[in-house]
Each structure stands twice: as structure tokens, then as C-alpha cells.
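In: return atomic coordinates for the entry below.
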Amino acid sequence: MDLPSASSQGGDEFVGSKRAIKKVELVRVITEALYSLGYDRARESLERESGIQLRQTVPYQRLVDLVEQAIEYQKGACKFHSSLVKEVCLFTNHHCGREGVPTRSFENIRLNEGGIKSLFFSHNGKYLAAIRTFDQDLYAAVASISFVTIWETEGNGAFNLEVELFDNQKPVTYITWSPDNLQLLTCSTQESVRRWSIPSCECLHIYEKVGVGMVSCEWSPDGKTIFTSVDDDSIVMWNLEGKELRCWSGNKSTRIADLAITRDGTEVITTCNENRILLFDWKSNTSRFLTEEGSIIVSFCLSEDSNYLLLSLLNQELHLWCIEVPPKLVKVYKGHSPRSSARACFGGAGQVFIASGSEDSQVYIWDRETEELICTLSGHPRNVNAVCWNPVDPYMLASGSDDGTLRVWKKLQGPWSQIKFLQFSHDGKYLAAASPTDPYVNIWEVKAIDSFSWEGDLFDHKNPVTITWSPDNLQLLTCSTQEAVRR
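Out: Numbering: from 1, shown residues only. Purely as a prediction, here's the structure:
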């Protein structure tokens, strides 16, 4: 790069495409940078050749500060940014690709009957528990049985059916994992809370009160006590042996099956009416509230750092609240059409994403900071009721649907070792590709002469070996060795 000459050092001269940087100031900032980095001879040479002296005080390492600010701005503007990215190259603008978001359907597990209402990963990401429900025409036949299905994740990302719990007398409304991931609490509709040992499936204790039923439950952070919300609007603290330690009555909860405890264990979070959240400090017996004006709260999810609460509302919006004193609404996410029982969740490295199911059979993912809808995941044929992000693997997302399927989504992998088939659709709008080493068929939409937009992938074969487009370009045939042809 040519250094500015002494003859062009006018104080009003600007450089850069935006003409917003004074040449004199830029040279002085560069001069200070050379000085702070220990390059005295280069600094002296720049001052001599440019004719611009470091006369006024430039803040120490000002150039480094400006570069860091530019990097942070680019990270914030990055649509798919991951906090796992620690180093950023200064030679190009920062950009994380879509491969950092779990957009590929890695597992598709079909249950024999019933749908999936809720999903909960254990804290170590090893287990995934699902609450299963039944269609109305089947419900009468199984009214006395409730299913909680648990899968164990393998190192390669595969899911193996571990156990099924059937002991609750009424449908399960909520489940929560112990801090050590070895026990599970299940709560049944206006009945009792049960504590299970996992994976042995032994029921260790039943928590119940005469004349009232439980609504929800949660562990204390140390795992030594549990909290339950009760259908008489009270909150009860129990020890593990089932002794009632404390009870707080008086409009402390509703029949919405959500309960949370802050990370320090001091505040219990519940819904105290249809549009109001209670943050109850049980040690000091004081209460705080946040109110959704004109919106009915369906469910909520507490962030990992306990500073934010994500509310799913009946008006088809997700509201993110900062619950530090005083609570305030900070973000709103729109675009989906959730069911009245749908739960949204935080996810990704540093919980930078927001995910939710929707009645249109898709999973929606937003950028938490910008509120932008960054992608939708298609694959379920019916309503998506539940989503849950693996707390250990930021590239794994699970979704459950009325169709009785569990889909596990993972990030797109790196380049294929080989591509065996490539075929454009007859109208040239789409390009499909298959590899003999990968069970997916990837499809791109041609946006321009030199621009392709990833459209989706097909996952059903073990290894597709041939693909062909229909004459109308709306369908695709895939075939695998010694397997079926799929359309």
C-alpha cells in the first residue's frame, strides 16, 4: 500500500469509499499503532514520508480498538453466527455459513401410535425424554395410561430407545431432569409428581397432597429439594423423601404446566394468571411480576443464565423478557403459527437462536439478537408441538409432532468425499446431488447464473445411488441399491 505523500496531507482530505475518514487522522492512528507495537523505525519512516507528525495525543492502541469494534459489528450482523467461532480473519469480512445451524434431518423416529407433546433433553445431552399423547378417537381406550419415552444418544448422534414410563394414572403434563441427569420428575394432570431413577425406571417416590392435584414441578439447583405448583394456586417445597418443607399459598400459580427456578435457586417462576408471570423469592417471601398486556401466556422457557424468559403467547408471537430488576420486554419473534400447547426454546452456542414449532408442520428458527427469521425446517407432515435444543451439542435440535415422529436435526457436514450423481431439473431451476457415502440427496435452487441457494435435503435411503426429475420438475425419484424407489 502506498503511503500518503507530504504534498497531499491537507487536513480536509478524506479517504475511503464513503469519504468519511480524514487522511491526517488515519495516518496518525497508524503511526500510533506502529509505536505501540514497537516498530519505531517504521513509525519514523511513515512520519517522514507522509509529512504528518503525531502531534496530538492518539488513544493507546486506537487502531486495535477500531478493528475490534468492526469485528464485533460483523459478528452481530452475521446471520448464522456461532459463539464457538473464536478467531476471525482480518483479511475478509466475517461470515458464518448456514452449516452452523442444525438444518439437516439426521434421524426420523416413528412411534407406533400417538403424537409428541413435549421434549426435554437431560442437562448432559445424553438422554431425550418425550411426553406422548393420543388422538381423541384413541384417547378413551388409553385414558388410564400415559407415556414418557426416553432415548439415549450415541456418540455418532444416533438415538436408541432406552425406556418407557407408564405408571402415571393421568396424562403427563410436565417432566424435568435432575441436575445430575440420573433422575426424572413427571407430573400428571391434577394428580401427583413421581420421581424416577434413570435408566432403571424405578419409581423412587410419589409426591401428593390430599384434596389437591399437582400442576408442574422443578428441581432445586442442588438437587436436594423439589418445588411443585398445585391446582389450589399454591407452591410447595419438598425434600426428596416426600416431606413438605414449605408451602406458599395465595395466587402463586395457575394450571399452565411450566415452572422454573433461577440458577442461584432463590426465585421460583410461575404464571399467576393468564397474562402475568410471578417471580417469587421464596427465601425473602417477596414477589416481582411481569405482565403481557392483552396476550395470553401459553408457556415459558428460562435462559441458561437465568437472565431472560422466553414467553410463547396465544397471539402467535414469542416475547423475550429480561427479568433483571426491573423486568422489560426486549425482543419479539413472529412468523410462525404455534399451537396453544407449543413450547419454544433457546438454542445454539451461547443460546444465540430461538426455535419453535408451528401448526404449518415446520420448525422456525430466529436469530435471538436481530429477531430475524433465519430458516424453517420442513419434514413433519403434521403440527409440530415441541422443539428442544441439545444443551451440550449446539448443532443438535429435536422436534416432535402430532404425526408421532421425532426428528433430530443436525448441521450440514463438510464437503463430500465424492459426488456420484448431479442432475438439473428440466427447467434448470433446481440442482440435485447425491453421494455414495452420504444418505442424503441435497437440492439447490438456481438463483442466478452464478448463485445457488440451498433448498433442502431428502433423507430416507441408506445411500442414494441414482436420482431423476419428473417432466413437470415438481417431483423427484430416488433409488438405492437393494432398496426401494422413493418419489
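
In: low pLDDT regions in the stretch 351-487 of the chain?
Out: By pLDDT under 70, the weakly predicted segments of the stretch 351-487 of the chain are 412-420, 435-440, 447-465, 481-483.

In: how many residues are close by the closest residue to residue 67 other than its chain neighbours?
Out: Distances taken as C-beta to C-beta, 6 or more residues apart in numbering place residue 90 nearest to residue 67, at 6.8 Å, with adjacent residues excluded. Quick note: C-beta positions are derived from backbone N, CA and C, even for glycine. The number of residues packed near residue 90 is 9, by other C-beta atoms under 10 Å.

In: assign residue 90 to helix, strand or coil.
Out: coil (DSSP: H, G, I helix; E, B strand; the rest coil).

In: just the pLDDT for it.
Out: With respect to pLDDT, residue 90 has a value of 77.

In: then the one 10 residues further on?
Out: Per-residue pLDDT puts residue 100 at 69.

In: one more: residue 315?
Out: The model's pLDDT for residue 315 equals 88.

In: wasn't it part of a strand?
Out: No: read with three-state DSSP, residue 315 is coil and lies in no strand.

In: for it, phi and psi?
Out: The phi/psi pair for residue 315 (degrees, to the nearest 10) reads phi -80, psi 20.

In: correct me, but it touches residue 295?
Out: Yes: in this structure residue 315 lies within contact range of residue 295 using C-beta atoms under 8 Å: 5.2 Å.

In: so how far is residue 68 from the residue nearest to residue 67?
Out: 11 Å (C-beta to C-beta, to the nearest Å).

In: and the longest helix anywhere in the chain, what does it pack onto?
Out: What stands out as the longest helix in the chain, according to DSSP state H, is helix 62-77. On a contact count with 3 or more C-beta pairs under 8 Å, 6 or more residues apart in numbering; DSSP states H and E, helix 62-77 meets helix 23-36.

In: buried sites along the helix it packs on?
Out: Using 16 or more other C-beta atoms under 10 Å as the test for burial, helix 23-36 gives 23-35.

In: for that helix, packing partners?
Out: With contacts taken as 3+ C-beta pairs under 8 Å, 6+ apart, helix 23-36 sits against strand 14-15, helix 40-50, helix 62-77.

In: turn the ones you listed into JSON lines, including distance to residue 473.
Out: Output for the helices and strands packed on helix 23-36, formatted as JSON lines (distance: least, C-beta to C-beta, whole Å):
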{"stretch": "strand 14-15", "distance to residue 473": "51"}
{"stretch": "helix 40-50", "distance to residue 473": "61"}
{"stretch": "helix 62-77", "distance to residue 473": "35"}
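
In: can you redo the ones you listed as JSON lines with distance to residue 309, mean neighbour count and mean pLDDT?
Out: Listed next are these as JSON lines, based on distance: least, C-beta to C-beta, whole Å; neighbours: other C-beta atoms under 10 Å; pLDDT from 0 to 100:
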{"stretch": "strand 14-15", "distance to residue 309": "47", "mean neighbour count": "14", "mean pLDDT": "84"}
{"stretch": "helix 40-50", "distance to residue 309": "52", "mean neighbour count": "15", "mean pLDDT": "86"}
{"stretch": "helix 62-77", "distance to residue 309": "23", "mean neighbour count": "14", "mean pLDDT": "81"}
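
In: so which of these comes closest to residue 324?
Out: Minimum separation from residue 324 across the helices and strands packed on helix 23-36 (C-beta to C-beta) falls at helix 62-77, 21.2 Å.

In: partners of the following helix or strand past that closest one, with directions?
Out: Next in sequence after helix 62-77, counting helices and strands by DSSP states H and E, comes strand 102-110. The pairing partners recorded for strand 102-110 under DSSP bridges are strand 405-411 (antiparallel).

In: and the partner strand, how far out from the chain's middle?
Out: Centre-to-centre, strand 405-411 and its host chain are 13 Å apart (C-alpha atoms, centre = their mean, to the nearest Å).

In: of residue 315 and residue 295, who's got more company?
Out: Using other C-beta under 10 Å, the more surrounded residue of residue 315 and residue 295 is residue 295, with 16 against 11.

In: bridging residues for the residue nearest the centre of the chain?
Out: For the chain, the residue sitting closest to the mean C-alpha position, by C-alpha atoms, centre = their mean, is residue 347 at 2.2 Å. For residue 347, the beta-bridge partners under DSSP bridges are residue 353.

In: my guess is it contacts residue 393, does it?
Out: No: in this structure residue 347 lies outside contact range of residue 393 using C-beta under 8 Å: 10.2 Å.

In: quick revisit: which ones are touching the residue nearest to the centre of the chain?
Out: By C-beta atoms under 8 Å, 6 or more residues apart in numbering, the residues touching residue 347 are 353, 354, 355, 365, 389, 394, 397.

In: scan these and report the most crowded one.
Out: residue 397 (29 neighbours).

In: quick one: contacts for that one?
Out: With contact set as C-beta under 8 Å, 6+ apart, residue 397 has these partners: 102, 347, 355, 363, 387, 388, 389, 390, 408, 409, 410.

In: hmm, 10 Å instead?
Out: 101-103, 106, 119, 121, 345, 347-348, 353, 355, 363, 365, 377, 387-390, 407-411 (C-beta atoms under 10 Å, 6 or more residues apart in numbering).

In: one more: residue 368?
Out: Contacts of residue 368 (C-beta under 10 Å, 6+ apart): 303, 308, 310, 320, 330-331, 333, 346-348, 350-354.

In: from residue 18, how far out is residue 27?
Out: Taken as C-beta to C-beta, the span from residue 27 to residue 18 is 18 Å.

In: cool, residue 275 as well?
Out: Distance from residue 275 to residue 18, by C-beta to C-beta: 47 Å.

In: who has more neighbours, those two?
Out: Taking other C-beta under 10 Å, residue 275 and residue 18 do not tie; residue 275 has more neighbours (17 against 7).

In: what backbone torsions are found at the more buried one?
Out: In terms of degrees, to the nearest 10, the main-chain angles of residue 275 are phi -130, psi 20.

In: quick one: list the elements packing against the helix or strand containing residue 117.
Out: Element membership for residue 117, per DSSP H and E: strand 115-121. Applying 3 or more C-beta pairs under 10 Å, 6 or more residues apart in numbering; DSSP states H and E, one finds that strand 115-121 contacts strand 127-133, strand 147-153, strand 172-177, strand 345-347, strand 384-389, strand 396-401, strand 405-411.

In: looking at these, which is closest to residue 370?
Out: Among these, strand 345-347 comes nearest to residue 370, with 15.1 Å by C-beta to C-beta.

In: quick one: distance of that closest one to the chain centre.
Out: Distance of strand 345-347 from its chain centroid, counting by C-alpha atoms, centre = their mean, is 3 Å.
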